[in-house]
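Asker: Build me a model from this:
(one chain, ligands or ions: 2)
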Amino acid sequence: MPYGNVYPCSCGWIKGYSFGNIFEQSYEEIWNGEKAREFRQKLYDNDFSLCPGCQNLEILEEINSSEPKLISEPPERILLGLDEFCDVKCIFCRSENYKIDTKLIPEDKKDKLLEILTPWLKNAKYVKTNAVGEVFASKISRELIKNIAEKFPDIKFEIITNGIQCTKENIEELNLLGRISMMTVSLHAFYEDTYNKIVRGGNYKKIIENIKYLSELKKTGKIERFEIHYTVTSINYKEMIPMLHFVRDIGAKIRFLGLDCSKGCEDTYKKINIQNPMHPDYNKLIKTVHLPEFMNAKDIVIQGWEYFTGLEPISLKDRLKNKLFSVMKSDSV
Ligand SMILES: C[S@@+](CC[C@H](N)C(=O)[O-])C[C@H]1O[C@@H](n2cnc3c(N)ncnc32)[C@H](O)[C@@H]1O
Ligand code: SF4
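Answerer: Numbering: from 1, shown residues only. Ligands and ions are numbered 1, 2, ... in the order given. Alright, predicted model coming up:
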């Protein structure tokens, strides 16, 4: 991940518990080092203080019934997110004055990335990228993916992209054709106007053109899984239903993501966080997700169906009570 830190899981879950740093330590020092062993030991002890999400793991029963194995083989699945560079600024991800930190990768390591990552990739079946920036826009990510694809012919890729530069030419140039086990495109609106309000600097026509190409790849078996990511906000919730029809037409599935508060986007978050029952449009969201078209679409919604359909409407009385409570709280500060 950025700055070379190695995490056992999504940073949101493990609250910054890093096994080590690929620019400062060797593979063995990190993957089988003290912090990694401590993390594994805690899982065997059913202690989830380092990662509360682990208690929901399907393999927990298997872990509980096996002998503690604190030294591990290289991982089978790796999520790479070294470079945060992006060609757009989505309103919930980056503030307008966002600046890329040029020190993400030390200058003297930039040419050695493949060499540094090789011991990590020895066993890998899947490489996912890029969770923190835009893979097709970043020179570093592009070169790395191209080199990994060339050096490790059995590795499959899980690509997550804003879709703008996910063209036939780029997929071929990065040696990804026939190697994509999962393609995820973030498309947070059905209509162009709405898309432009969310993805600053985006290109709606281009992304739709690219999605049509990806849809063909999916239909001809050149992509195993095809998904759309849709982060739900007060700006786009009305387009969740048309988006479901679109997703069906292109042969994909969809994840409706809840909104998180990204660093630097706190004010926007407050305004567009429609999951907050105090948001003026909250009850309208509840109505939308209880329409038969949403309720009947469980087969193509991989994430978010249960969460959104499970939200309860808020009464005017409760809304006023909460408002009064928050005014009293702010007065007493
Ligand atoms: C950070 S992006 C990186 C990959 C790529 N650039 C993209 O947009 O798909 C990964 C996913 O996180 C989502 N995302 C970013 N900021 C978010 C936030 N504050 N709340 C919820 N989802 C967010 C994006 O919409 C995208 O689907
Ligand atoms: S969500 Fe993806 S496309 Fe949007 S600004 Fe963040 S990294 Fe870029």
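
Asker: in the stretch 1-150 of the chain, which spans are helices?
Answerer: Taking DSSP state H, counting those that start in this stretch as the test, the helices found in the stretch 1-150 of the chain are 11-14, 27-31, 34-44, 60-64, 113-121, 139-151.

Asker: For residue 154, give its distance to ligand 2.
Answerer: Distance of residue 154 to ligand 2, given as CB to the nearest ligand atom, to the nearest Å: 28 Å. Placement of C-beta: from N, CA and C, glycine included.

Asker: and that residue, what is it in contact with?
Answerer: Counting by CB atoms under 8 Å, 6 or more residues apart in numbering, residue 154 touches residue 125.

Asker: what kind of secondary structure is it in?
Answerer: Here residue 154 is recorded as coil under DSSP: H, G, I helix; E, B strand; the rest coil.

Asker: Roughly how far does the residue nearest the centre of the chain sit from ligand 1?
Answerer: What sits nearest the mean C-alpha location of the chain, by CA atoms, centre = their mean, is residue 131, with 5.2 Å. Counting by CB to the nearest ligand atom, the gap from residue 131 to ligand 1 is 6 Å.

Asker: circling back: of the helices of the stretch 1-150 of the chain, which is nearest ligand 2?
Answerer: helix 139-151 (11.3 Å; CB to the nearest ligand atom).

Asker: For residue 284, which non-adjacent residue is spatially closest?
Answerer: residue 237 (7.3 Å; CB to CB, 6 or more residues apart in numbering).

Asker: Next, the contact list for that neighbour, please.
Answerer: Counting by CB under 8 Å, 6+ apart, the residues that residue 237 touches are 274, 281, 284, 285, 288.

Asker: Compare those and tell me which is most surrounded.
Answerer: residue 274 (24 neighbours; other CB atoms under 10 Å).

Asker: picking that back up, in JSON lines, list the contacts of residue 237 along with secondary structure.
Answerer: Formatted as JSON lines, these follow (three-state DSSP):
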{"residue": "274", "secondary structure": "coil"}
{"residue": "281", "secondary structure": "coil"}
{"residue": "284", "secondary structure": "helix"}
{"residue": "285", "secondary structure": "helix"}
{"residue": "288", "secondary structure": "helix"}
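
Asker: Run through who's touching stretch 254-266.
Answerer: Counting by CB under 8 Å, 6+ apart, residues outside stretch 254-266 touching it are 12, 91-95, 98, 184, 227-233, 240, 243-244, 247, 269, 272-275, 300-305, 307-308.

Asker: can you do 7 Å?
Answerer: With CB atoms under 7 Å, 6 or more residues apart in numbering as the test, stretch 254-266 has contacts from 91-95, 98, 227-233, 240, 243-244, 247, 269, 272-273, 275, 300-304, 307-308.

Asker: Could you do stretch 61-74 as well?
Answerer: 31, 32, 37, 40, 41, 43, 44, 119, 120, 122, 123.
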